[in-house]
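S.K.: Quick one, what's the 3D model for this:
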Amino acid sequence: MRLTPPKFLSLNILWLSLNIQYAALVPVVVPTQILLFVNRGLVGSAGQATFLGWLTAIASVISLFMPPLVGHLSDRTPYPPGRRRPYILLGGLLQTGSVFFLASAGTVFLFLLGLAILHIGNNLLTPAYQGLIPDQVPREQRGEASGYVGALTILGNVLSLGLAVWLLGGISQQNYNAGLIRSGARTYYIVTALAMLLGLLVTLLCVREHPGPVEVEHRRDGEAGGSFVENWLRPWRNYNFTLVFLTRFFIMLGLALFMTFIEYYFARVQHIPNFVQVTAVVAMVALGGGVVSGLAAGIFSDRIKRRSPLVCVSTLCMSLASLAFVIFPVGLATWLWPLGILFGLGYGVYMSVDWALSIDALPSLDEAGKDLGLWGASVTVPAIIAPLLGSLLIHLAAGVGQIETGYRLVFVLATLFLVAAALCVLFVRE
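M.R.: Here you go, the predicted model:
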């Protein structure tokens, strides 16, 4: 049965809520809060970059192992109202409940505890939720569904960053106000938790799961069954699954390097006084263009034979924007807006096609939860590698008095990984 726009919206609304809560954390909110606990009074120090790198990497280790397990369980949970529903509910409640610790985080212990609860909840909810969508969407509407996923994801990013800049945009190198950081972060966590709760309620009340196991559309790697190890190794023997995984891996590695250190880059390399505000506003400009290009490209991808050229072009746009941060001198501010728009157009097109390309590459839809959980490692492994690699480069450069060069090298690597992804996706067979 073909889905109508209202059905698409109710099915994908939780992507909006998830990204409202998560999008501004790594680029804006968490780096700003770290100023309260590490090298207070300094901005963008090697110690702060190292703390941020390790914090992001440790969180990503959880995301490496949990999604495949949760996805596998949700594929086989015999719960009459829906096999995905229990995990979506529990994860959403944990994400919402984390606000009680994050909003009152006066110590680094409470700060880390709140982030841990938020992250565990996300890793319960997301793999079950992303398995719910292929359960509901017919093959001929995957591109359109991917457009909704991309557009609502990017819109959530815009709203999250807009809220962050409104609450924390007054922080600058001249105006280091610990009270403003605490109050702004507290309001951010409360508002985004309410958005998460609203999206959770819409999903649970408006989306009805199909009873029983989803029909197997195709299996390219032999019949179902086999040992536990065999079931988990089977997807990697599929050419397209592996190649799409590598494409997304390189893209996310480049984006993780770019996004993790962009706020400190504006502060230490470009010497922008209101670095928090500029980070969030540039990101909003970029993502605003992505909302428009995302939905249009998703619908268009259903009407063409191959989706991979769209991914190639969009990734090259992002790589050009990243390269500009390397070759442009201090005083980049005048170029921030066109670069943001270029990056956003590429990111929007990529996000609109990414989900459809990954579903097309799944070996079997009856194990979509598990296989999408494995596919999710294309995000979590880069999230482990990128912060550690970036903080190492910055730390080594700071040791010889060249911390600005360290930040530039981070963006060199980001550009190279994005170009590698653009080349890799051209070999996908569709």
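
S.K.: three-state assignment of Thr279?
M.R.: Assigned with DSSP: H, G, I helix; E, B strand; the rest coil, Thr279 falls in the helix class.

S.K.: so the closest residue to it other than its chain neighbours is in which element?
M.R.: Closest residue to Thr279 apart from its sequence neighbours, by CB to CB, 6 or more residues apart in numbering: Glu263 at 4.5 Å. Just so you know, the C-beta spots here come from the backbone N, C-alpha and C atoms, and that holds for glycine as well. Per DSSP states H and E: Glu263 is located in helix 239-268.

S.K.: elements contacting that helix?
M.R.: For helix 239-268, the elements it packs on are helix 30-34, helix 46-76, helix 275-301, helix 308-327, helix 336-361, helix 368-375, helix 377-399, helix 403-424, judged by 3 or more CB pairs under 8 Å, 6 or more residues apart in numbering; DSSP states H and E.

S.K.: Kindly compare burial across those helices and name the winner.
M.R.: helix 368-375 (a mean of 27; mean count of other CB atoms under 10 Å).

S.K.: that older thread, and the helix holding Glu263, which residues are buried?
M.R.: Within helix 239-268, the residues that count as buried by 16 or more other CB atoms under 10 Å are 240-241, 243-268.

S.K.: In this protein, where is pLDDT below threshold?
M.R.: 1, 39-45, 171-176, 210-232, 286-307, 329-337, 355, 364-370, 373, 430 (pLDDT under 70).

S.K.: my guess is Gly348 meets Val149, correct?
M.R.: No: Gly348 is beyond contact range of Val149, at 11.7 Å (criterion: CB atoms under 8 Å).

S.K.: Look at Val38 and give its secondary structure.
M.R.: On the basis of three-state DSSP, Val38 is classed as coil.

S.K.: what's the neighbour count on it?
M.R.: The number of residues packed near Val38 is 16, by other CB atoms under 10 Å.

S.K.: Quick one: work out the angle between the helix holding Glu263 and helix 46-76.
M.R.: Calculated by axes from the mean of the first three to the mean of the last three CA atoms, to 10 degrees, helix 239-268 forms an angle of 150 degrees with helix 46-76.

S.K.: quick one, helix 239-268 and helix 308-327 angle?
M.R.: Using the same axes, to 10 degrees: helix 239-268 against helix 308-327 is 20 degrees.

S.K.: how far out from the middle of the chain is helix 239-268?
M.R.: 10 Å (CA atoms, centre = their mean, to the nearest Å).

S.K.: ditto for stretch 59-74
M.R.: The chain centre lies 15 Å from the centre of stretch 59-74; the measure is CA atoms, centre = their mean.

S.K.: what's next to it, contact-wise?
M.R.: Residues from elsewhere that reach stretch 59-74 (CB atoms under 8 Å, 6 or more residues apart in numbering): 83-84, 86-87, 115-116, 119-120, 122-124, 126-128, 130-131, 232, 367-374, 376-377, 379-381, 383-384, 387.

S.K.: coming back round to it: out of the helices and strands packed on helix 239-268, flag the one nearest Cys206.
M.R.: For the helices and strands packed on helix 239-268, proximity to Cys206 was assessed by CB to CB; helix 46-76 is nearest, at 19.0 Å.

S.K.: what's the closest non-adjacent residue to Tyr79?
M.R.: Nearest residue to Tyr79, sequence neighbours excluded (CB to CB, 6+ apart): Pro86, at 5.6 Å.

S.K.: contacting residues for that neighbour?
M.R.: Taking CB under 8 Å, 6+ apart, we find Pro86 in contact with Ser74, Thr77, Tyr79, Ala128.

S.K.: Of the residues you listed, just say which sits nearest to Val276.
M.R.: For the contacts of Pro86, the nearest to Val276 is Ala128 (34.1 Å; CB to CB).

S.K.: Please, which helix or strand holds that closest one?
M.R.: helix 108-136.

S.K.: how about a markdown table for the helices and strands packed on helix 239-268, with distance to Trp15 added?
M.R.: As requested, these are exported to a markdown table (distance: least, CB to CB, whole Å):
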| stretch | distance to Trp15 |
| --- | --- |
| helix 30-34 | 21 |
| helix 46-76 | 16 |
| helix 275-301 | 11 |
| helix 308-327 | 19 |
| helix 336-361 | 10 |
| helix 368-375 | 14 |
| helix 377-399 | 14 |
| helix 403-424 | 22 |
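
S.K.: Among those, which comes closest to Leu161?
M.R.: Nearest to Leu161, of all the helices and strands packed on helix 239-268, is helix 275-301, at 4.6 Å by CB to CB.

S.K.: Turn the contacts of Pro86 into a markdown table, including distance to Leu110.
M.R.: Below are the contacts of Pro86 laid out as a markdown table (distance: CB to CB, whole Å):
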| residue | distance to Leu110 |
| --- | --- |
| Ser74 | 31 |
| Thr77 | 33 |
| Tyr79 | 34 |
| Ala128 | 28 |
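
S.K.: Any quick PyMOL command for the buried ones out of those residues?
M.R.: In PyMOL syntax, the buried subset of those is picked out as below (16+ other CB under 10 Å):
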select buried, resi 74+128
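
S.K.: Could you export the strand or helix carrying Pro86 as PDB, CA atoms only?
M.R.: Pro86 belongs to helix 85-97 when assigned by DSSP H and E. Taking C-alpha atoms only, helix 85-97 is exported to PDB below (Å, rounded to 0.1, in the frame of the first residue of the first chain):
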ATOM      1  CA  ARG A  85       7.800  -0.700  20.000                       C
ATOM      2  CA  PRO A  86       9.300  -1.800  23.300                       C
ATOM      3  CA  TYR A  87      12.700  -0.600  22.400                       C
ATOM      4  CA  ILE A  88      11.500   2.700  21.000                       C
ATOM      5  CA  LEU A  89       9.500   3.300  24.200                       C
ATOM      6  CA  LEU A  90      12.300   2.400  26.700                       C
ATOM      7  CA  GLY A  91      15.000   4.300  24.700                       C
ATOM      8  CA  GLY A  92      12.800   7.400  24.500                       C
ATOM      9  CA  LEU A  93      12.100   7.400  28.200                       C
ATOM     10  CA  LEU A  94      15.800   7.100  29.000                       C
ATOM     11  CA  GLN A  95      16.600  10.000  26.600                       C
ATOM     12  CA  THR A  96      13.900  12.100  28.200                       C
ATOM     13  CA  GLY A  97      14.900  11.200  31.700                       C
END
